[in-house]
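Colleague: Kindly generate the corresponding structure for this input.
(chains A and B)
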Protein chains: 2
Amino acid sequence: MSLDATLARIDSDLPQATERLFELLRIPSISTDPAYKDDCQTAADWLVADLESIGATVSKRHTPGHPMVVGHIDGKGPHVLFYGHYDVQPVDPLDLWDRDPFDPELQDTPNGKVIRARGSSDDKGQLMTFVEACRAWKAVNGTLPCKITFFFEGEEESGSPSLIPFMKDNADELTADIALICDTGLFDSRVPGIVTMLRGLLGEEITITGPSKDLHSGMYGGAAMNPVRVLSKIIASLHDDTGRVTVPGFYDGVPDLPEDVAAQWEGLGFDHTAFLGDVGLSHPAGEQDRTALEMIWSRPTCEVNGIKGGYTGDGFKTVLPSKASAKISFRLVGTQDPHKIRESFRAYVKSMLPPDCEVSFHGHGASPASQMQTDNPTFPKALEALSEEYGMAAAYIGCGGSIPIAGYFKNYLGMDALLAGFGKDDDQIHSPNEKYDLESFHKGIRSWARLLARL
Amino acid sequence: MSLDATLARIDSDLPQATERLFELLRIPSISTDPAYKDDCQTAADWLVADLESIGATVSKRHTPGHPMVVGHIDGKGPHVLFYGHYDVQPVDPLDLWDRDPFDPELQDTPNGKVIRARGSSDDKGQLMTFVEACRAWKAVNGTLPCKITFFFEGEEESGSPSLIPFMKDNADELTADIALICDTGLFDSRVPGIVTMLRGLLGEEITITGPSKDLHSGMYGGAAMNPVRVLSKIIASLHDDTGRVTVPGFYDGVPDLPEDVAAQWEGLGFDHTAFLGDVGLSHPAGEQDRTALEMIWSRPTCEVNGIKGGYTGDGFKTVLPSKASAKISFRLVGTQDPHKIRESFRAYVKSMLPPDCEVSFHGHGASPASQMQTDNPTFPKALEALSEEYGMAAAYIGCGGSIPIAGYFKNYLGMDALLAGFGKDDDQIHSPNEKYDLESFHKGIRSWARLLARL
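Modeller: Numbers count the residues shown, from 1 in each chain, chains lettered A, B, ... in the order given. This is a model prediction of the structure:
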């Protein structure tokens, strides 16, 4: 086995690897929108074919939602499962994109070449780093250094409704010595990181109904209850003046940050000013007694992800709307229980309803936070591999996002999970003009090759 | 001149009159949406041709927005101007309509035949009542009993931006002894009314911007300012716990209801329970020390007509939006100054902005309330005509809606205005499934003929 030859192969094959990624990026596999159901199938088919091309035994597996892709390559040594997701976020507002989100392009920027497309960073580009590492390894060495299972999901951006049942039904097939998950980012553009703390996520959609139909605000304005006002009042009440969430019991299970972790984070030299400045802000808006890094890594939140009610087109319409709705999500930490918080939130909303108003709830995902177990021997090997590739000591870091799969692997398959990824803060995932640095793609492939060599 | 023969002619011609109205209703003249600009032209052209068919000298008059239609028929006696508007409200949410809003149909209902279409009541059906009265009068008597000017606008539902300049530029042509305006309703389904109090209207659209782009709520949630939360807090603060509007100075110029008017309104026997019950409500939501009739006729209001921000499609997207916006309108009474209130509102919103947020304002219409002068001799004649037609004593009533044209006629042309109309509370104007009772159309035409006979 030759790591150097594999790395050389990765370097020389980069244009072809990029073109393969472009093929996958051209498929608009938006999982949350039923209009793209067929595209999710197409993306799964593409992955089946691509994994077969590197010698894996692959199948597309039916679920009530979008399919799973599971592939196996036999080998000696430990059994590693690699997880990624082929579905992507919606692209609206489309008018803020500089080009078609599904027409990927390699662009020159002041910070180097980037791959511009929806899903380039989250998560197709990251997913393909591991596939390409395996492809290069096999091309150079004939076999892989360990047994590998590929496990690709198509519902990550829509709450993964099929994931747990599928894992339960296929526990033997999916259980490995460790799961590798590539859906996170570097600590900053120079320092790689392994995520050991992930926030949980609870999604709720609430609809307030007042009058039985839209009314003329001249005929009824002042006398009839306006559901937009009711909804606004509820949303306004969800935080107190210090930025804390007011839902009763919300902070049950929120741990204090251990002193050693706090000290380690302090040592990372996180640039709070630049973090907010990059998105046009200057003031951390959350709990006023916390740093921005704490706010996003170790504190729970409540955010409104969307709101609508009444007339929102061009011009003006003096309507008094019958309904108003909002999508609200909570990021959770420690041992916060998403189901208890859901109940408490719903009771809280109901307690704020004035006469003549009704509320309906539509629950989306509910996953607790995850804390990784770093005593698995793969962790120090991964730290080494990343440090070697980036020439900087890799760090154990937190992540404000929610990747419940890590917890599921532990809870349902008894398997530790290691999250390493190569995204950057400015990748604009979930936003218009998403990109993935070509350097991230390239170093990502090389990092996995370095880890494979150590397994 | 024969009123009886004219009324008989109206009765026999009703099917043809209805078909003419249908032609006009088929034109989707939504003035607020630029996509329907050509349709507004088409509606104006149709009116030009129809007025010509009854012998008027008519012209379509260019404005920066949608055209005006002005027609004249010479005659002896007083000079009467009749005003109506040919534009209509938008039709969304379209899925709540039982049929195409622009495919009018005569439908049997438990309360009699109705004309179902957008604009049937507001205001094409009402506008045509007067045109049809003139047509029948002329057919029977050869000439009209007075000089008549028809003045039809195409921007009433979008704030009438061209109206005042046009009135100033054509003051001589448009000034008559009195203006008749048909854009209001009966007091209830049996009792006709002449509106002597109209609320004013101020429209404001506000957009709150936080981050410079949409963000991932995992990466930034908790640390970055969420403009939906800011907007909700502003909206929630616009009313106090007793339902009063909190904008500073808002109640300057709001008069107490004179005791005689209060007594007259009390005598109308307004059914507050039925008024709210018809739209699924039971509790007057406004100022808690006022009756529902006061709330809608004599008290000012603040309503949210629309709100949007973030992801509002199917499913869930954990975005932290960059922007959120709301359309907010105020109904005004007495001598409340819309321009002062606009300034005060904007200052109030700015005072509530947290760090890192910006607000932009887009002003829509701004018209003060109107109080009619009932000493013009046409008023008692109109009361008589309406009472005779309906067999019930007509009443002087208020109106929660805003028809600024009445005030403009007084202020810019020195002309009194008389508002009489035949709409019913359940006409669903500005809502899906708008209708106009065939009886309203029929009695409306007959009522105008009775008034013409008295002029």
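Colleague: can you count the residues close to the residue nearest to residue A:219 when sequence neighbours are not counted?
Modeller: Nearest residue to residue A:219, sequence neighbours excluded (Cβ to Cβ, 6 or more residues apart in numbering or on different chains): residue B:400, at 5.5 Å. Backbone N, C-alpha and C define where each C-beta goes, glycine included. As a burial measure, residue B:400 scores 24 neighbours (other Cβ atoms under 10 Å in any protein chain shown).
Colleague: is it true that residue B:400 touches residue A:224?
Modeller: No: in this structure residue B:400 lies outside contact range of residue A:224 using Cβ atoms under 8 Å: 10.6 Å.
Colleague: Alongside chain B, which residues does the stretch 351-455 of chain A contribute?
Modeller: By the criterion of Cβ under 8 Å from any Cβ of the partner chain, the positions of the stretch 351-455 of chain A lying close to chain B are A:354-356, A:364-365, A:399-402, A:425, A:428-432.
Colleague: okay, among those, which ones form the most distant pair?
Modeller: A:355 and A:425 (47.1 Å; Cβ to Cβ).
Colleague: Neighbour count for these two, which is higher?
Modeller: Looking at residue A:355 and residue A:425 with other Cβ under 10 Å, you find the greater number of neighbours at residue A:425, namely 18 against 10.
Colleague: Quick check: pLDDT value at that one.
Modeller: Looking at residue A:425, its pLDDT stands at 84.
Colleague: what does the one 5 residues further on give?
Modeller: The model reports residue A:430 with a pLDDT of 86.
Colleague: Same question for residue A:336.
Modeller: Confidence score, pLDDT, at residue A:336: 97.
Colleague: my guess is it is in a helix, correct?
Modeller: No: the assignment for residue A:336, made by DSSP: H, G, I helix; E, B strand; the rest coil, is coil rather than a helix.
Colleague: where exactly do the helices run in chain A?
Modeller: A:3-25, A:37-53, A:124-141, A:163-169, A:171-174, A:217-220, A:227-236, A:259-267, A:272-277, A:292-297, A:338-351, A:378-390, A:405-413, A:438-454 (DSSP state H).
Colleague: which one of those is the most hemmed in?
Modeller: helix A:217-220 (a mean of 27; mean count of other Cβ atoms under 10 Å in any protein chain shown).
Colleague: Quick check: which helices or strands does that one pack against?
Modeller: Identification of packing neighbours for helix A:217-220 by 3 or more Cβ pairs under 8 Å, 6 or more residues apart in numbering or on different chains; DSSP states H and E yields strand A:319-320, helix B:292-297, strand B:301-310, strand B:323-332.
Colleague: Now do the contacts for residue A:416.
Modeller: A:178-179, A:372-373, A:376, A:378, A:409-410 (Cβ atoms under 8 Å, 6 or more residues apart in numbering or on different chains).
Colleague: Ok, residue A:209 next?
Modeller: A:227, A:322-323, A:357-360.
Colleague: same thing with residue A:367?
Modeller: Contacts of residue A:367 by Cβ under 8 Å, 6+ apart are A:200-202, A:332, A:338, A:402, A:404, A:407.
Colleague: If we use 7 Å, what do you get?
Modeller: Applying Cβ atoms under 7 Å, 6 or more residues apart in numbering or on different chains, we find residue A:367 in contact with A:200-201, A:338, A:402, A:404, A:407.
Colleague: One more: residue A:34?
Modeller: Going by Cβ under 7 Å, 6+ apart, residue A:34 touches residue B:314.
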